[in-house]
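Asker: give me a 3D structure for the following:
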Amino acid sequence: MKLEYDKEVDAAYIYIKYPIKEREAEKTIELNEDLIVDFDKNGKLIGIEVLNASKVIGKEVLKGEKIAA
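Answerer: Residues are numbered from 1 along each chain as shown. Below is the predicted model:
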């Protein structure tokens, strides 16, 4: 799992599968205005996009600090 955060747009992407190949996401579902999930052709979750991430994800995570799973 990998997390990337873009501070300028306050968006984070959580890669469940990394790396995701170009066009690998076959289906995208917007769960709400801040949460979007991507699935591969087999229906397996491969990534989660979080908008307004600073309000949803802990600051330690967004700063890149290691958090115990």
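Asker: can you point out the buried residues in whichever strand or helix holds Lys55?
Answerer: Lys55 is part of helix 53-56 when elements are defined by DSSP states H and E. Within helix 53-56, the residues that count as buried by 16 or more other C-beta atoms under 10 Å are Ala53. (C-beta placed from N, C-alpha, C; glycine too.)
Asker: how far off centre is it?
Answerer: 12 Å (C-alpha atoms, centre = their mean, to the nearest Å).
Asker: after it, which helix or strand is next?
Answerer: Taking DSSP H and E, what comes next after helix 53-56 is helix 59-62.
Asker: may I see the buried residues of that next one?
Answerer: In helix 59-62, counting by 16+ other C-beta under 10 Å, buried: Leu62.
Asker: next one: Thr28 from Ala53, what distance?
Answerer: Remark: distance between Thr28 and Ala53 (C-beta to C-beta, to the nearest Å) = 17 Å.
Asker: re the thing from before, touching the helix holding Lys55 from outside, list them.
Answerer: Contacts with helix 53-56, where a contact means C-beta atoms under 8 Å, 6 or more residues apart in numbering, come from Tyr5, Asp10, Ala11, Ala12, Asp34, Leu35, Val50, Leu62.
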